[in-house]
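S.K.: have a look; sequence and predicted model below, questions after that.
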Amino acid sequence: MRKLWMTVTLMACATTLSAQEPQKKPPFADRLAQARSHFGVDATGLHGPGATTIADAVTKARYVMIGEDHLSREIPMFARGLCRLMAPDGLRAFAVETGPEAARIVNAHLRRPDRVARLTAFMQTHPDGMAFQNGRDESDMAADCAKMAGPDFAIWGLDQEFFGVSGFLLEQMQAAHPGPVARTAIAQLVELDRAASQKAMASGSVGDLLIFTIGEAQLADADAAVRRDGGQRVRELFDSLVETRAIYLGQNDDGYASNGRRARLMKRTLMKHLAEVPKSARVLFKFGDLHAAKGVNGLDQRDLGNFIAERAEGEGAESLHIAVYGAKGVHALYNGVGRQVRTEPFVMTDDADYVWLKDALGGLDSGSSEWMLVDLRQLRAHPPKDMPPTWRQKSLQFDLLVVAPTLTPSTLMGSQATP
């Protein structure tokens, strides 16, 4: 009883002292200013005060994830800087938002002096057969990372394949020497794909591609033939085609289910890759910001970013999640099957999903080339009462927020100008 009385007394004293001397939390604007710094980005790396914070965080992390705004010239330059930081301590892979079969093509040409010419030729033969890694700046950055990281470094494609990939997958099935029943079925699909691709190239519409036009009965017949005598490699390729089709078609019927299926696919594919490398291997990831978030993301999914965070904690390691945007500039946007990107000026805070960034952009000089860093980790503990809910959410989803003053559009290799 004496011990209990002493404990209660001490608690009462502590409560009294706390009431007499309330701890004042700095308002959100002050906390944000304290967490903000600036840095420079160029071909030789990251420089300045903010770069020191980034380097310290990157050095401690086994997995580093960029959640980005796609197809700019500037964000690949930032990613190149992260490669430079990670390479000395065992950067083994660069995991990207493209399919595993497309990644095979990227890896085959990654270190070749004629890489651009070969990837251009592939894209001309297989329009929309690859996502993002057909971007010239993305490809150059990946090749530079490979030089820094050494011979064991590889690109890991974790996503479903892109919607124009069917012709390439069918070619790979034929090259895998299927039996006569599967070979006949695949040949029929090749003819369907050729006609569909020609129509899609003329119209520019993805809806004309094979994965959107093939019927369920045709697909089921081909599946039965492949199961009969296609062999393991053909079955894997056919399953990839089926999965890709299901994810894209699902966006029209049930986006939540489709996004969940996609997230699970990326996690399974990542697990296969991680099983083949040393446990200490470091991996850089580059995905759209929704996929990179910890917790439940804007698609109401526990996506790849959350999976990586949980994986790191289970290993006793760390992951680092960096949201990277541009304050303004020109976006590169999808423009149709096999076609060069279209461009569109933007101001990030004009988008309702990113209007929350206005609180931070006051510290970004519109006439400067410096980038801005907000260390979101400093905003998590004891958040001020006036902290906006979106900032609270972002501080839990990401560790660092990086904003480039301006983004400019990248270009796609092997794409034709808009007719």
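M.R.: Structure's in. What do you need?
S.K.: please enumerate the helices of the stretch 201-350 of the chain.
M.R.: With helices called from DSSP state H, counting those that start in this stretch, the stretch 201-350 of the chain shows them at 210-213, 216-229, 232-253, 255-274, 289-292, 304-315.
S.K.: what helices and strands are in contact with the longest one?
M.R.: Going back to what we said before, that points to helix 232-253. Secondary-structure packing of helix 232-253 (3 or more Cβ pairs under 8 Å, 6 or more residues apart in numbering; DSSP states H and E): helix 100-109, helix 166-175, helix 210-213, helix 216-229, helix 255-274. (C-beta placed from N, C-alpha, C; glycine too.)
S.K.: what do you get if the cut-off is 10 Å, keeping everything else the same?
M.R.: Here helix 232-253 touches helix 100-109, helix 166-175, helix 180-203, helix 210-213, helix 216-229, helix 255-274, going by 3 or more Cβ pairs under 10 Å, 6 or more residues apart in numbering; DSSP states H and E.
S.K.: how far does it sit from its chain's centre?
M.R.: Computed by Cα atoms, centre = their mean, to the nearest Å, the separation of helix 232-253 from the middle of its chain amounts to 20 Å.
S.K.: what does the first one give?
M.R.: When distances are taken as Cα atoms, centre = their mean, helix 210-213 is centred 25 Å away from the chain's centroid.
S.K.: isn't residue 294 right up against residue 377?
M.R.: No: using Cβ atoms under 10 Å, residue 294 is not in contact with residue 377, being 12.0 Å away.
S.K.: so where is the stretch 251-400 of the chain shaky, pLDDT-wise?
M.R.: 365-366 (pLDDT under 70).
S.K.: quick one: the strands in it?
M.R.: Using DSSP state E, counting those that start in this stretch, the strands of the stretch 251-400 of the chain run over residues 282-288, 319-326, 328-333, 342-347, 371-375, 400-404.
S.K.: count the residues that sit near residue 300.
M.R.: 11 (other Cβ atoms under 10 Å).
S.K.: apologies, that question was intended for residue 350.
M.R.: Residue 350, neighbours per other Cβ under 10 Å, totals 10.
S.K.: and for the one 10 residues further on?
M.R.: Taking other Cβ under 10 Å as the neighbour definition, residue 360 ends up with a count of 22.
S.K.: ok, for it, nearest residue in space, not its chain neighbours?
M.R.: Nearest non-adjacent residue to residue 360, counting by Cβ to Cβ, 6 or more residues apart in numbering: residue 374, 5.5 Å away.
S.K.: how about that neighbour, what does it touch?
M.R.: 32-37, 50, 323, 357, 359-360, 363, 391, 394-395, 398, 400-403 (Cβ atoms under 10 Å, 6 or more residues apart in numbering).
S.K.: any of those buried? List them.
M.R.: For those, a burial check counting by 16 or more other Cβ atoms under 10 Å picks out 32, 35-37, 50, 323, 357, 359-360, 363, 391, 394-395, 398, 400-403.
S.K.: so which of these sit within helices?
M.R.: 32, 35, 50, 359-360, 391, 394-395 (DSSP state H).
S.K.: just list whatever residues bridge to the spatially most central residue of the chain.
M.R.: In the chain, the residue lying closest to the centroid (Cα atoms, centre = their mean) is residue 287, at 0.7 Å. Under DSSP bridges, the beta-bridge partners of residue 287 are residue 67.
S.K.: any idea how far residue 54 is from it?
M.R.: Taking Cβ to Cβ, to the nearest Å as the measure, residue 287 falls 18 Å from residue 54.
S.K.: what's the burial count for the closest residue to residue 241 other than its chain neighbours?
M.R.: In space, and not counting its chain neighbours, residue 241 is closest to residue 169: 5.0 Å by Cβ to Cβ, 6+ apart. Residues lying near residue 169 (other Cβ under 10 Å) number 26.
S.K.: which residues does residue 169 contact?
M.R.: Counted by Cβ under 10 Å, 6+ apart, residue 169 has contacts 99, 101, 126, 129, 161, 186, 189, 193, 210-211, 234, 236-238, 240-241, 244.
S.K.: hang on, the earlier thing: could you dump the helices and strands packed on helix 232-253 into TSV and include distance to residue 333?
M.R.: Shown next, in TSV, are those (distance: least, Cβ to Cβ, whole Å):
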stretch	distance to residue 333
helix 100-109	20
helix 166-175	23
helix 180-203	18
helix 210-213	20
helix 216-229	31
helix 255-274	20
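S.K.: residue 393 contacts residue 298, doesn't it?
M.R.: Yes: shown here, residue 393 and residue 298 form a contact pair, counting by Cβ under 10 Å, at 9.4 Å.
S.K.: which one of these two has more residues nearby?
M.R.: Legend: neighbour count by other Cβ under 10 Å for residue 393 and residue 298, higher for residue 393 (15 against 12).
S.K.: tell me which of residue 294 and residue 377 has more neighbours.
M.R.: Set residue 294 next to residue 377 and count neighbours by other Cβ under 10 Å: residue 294 wins out with 21 against 15.
S.K.: skipping its backbone neighbours, what lies nearest that one in space?
M.R.: Per Cβ to Cβ, 6+ apart, closest to residue 294 is residue 309, 4.6 Å.
S.K.: go on, residue 229?
M.R.: In space, and not counting its chain neighbours, residue 229 is closest to residue 179: 2.8 Å by Cβ to Cβ, 6+ apart.
S.K.: then residue 413?
M.R.: That would be residue 120: by Cβ to Cβ, 6+ apart, it lies 4.5 Å from residue 413.
S.K.: hang on, that neighbour in a helix?
M.R.: Yes: judged by DSSP: H, G, I helix; E, B strand; the rest coil, residue 120 forms part of a helix.
S.K.: show me what contacts it?
M.R.: Neighbours of residue 120 in contact, by Cβ under 10 Å, 6+ apart: 114, 134, 136, 139, 412-415.
S.K.: is it possible to mark the buried ones in those?
M.R.: The buried subset of these (16+ other Cβ under 10 Å) comprises 134, 136, 139, 412-415.
S.K.: tell me which two in these are the farthest apart.
M.R.: Using Cβ to Cβ, those span at most 13.0 Å, a distance reached by 139 and 415.
S.K.: what sits up against stretch 265-273?
M.R.: Where contact means Cβ under 10 Å, 6+ apart, the residues beyond stretch 265-273 that reach it are 63, 92-93, 95, 97, 99-100, 103, 154, 156-160, 240, 243-244, 246-247, 281, 283, 285, 287, 291, 302-304, 306-308, 311.
S.K.: thought residue 99 was touching residue 130?
M.R.: Yes: the pair residue 99 / residue 130 is scored as a contact, 7.6 Å apart, by Cβ under 10 Å.
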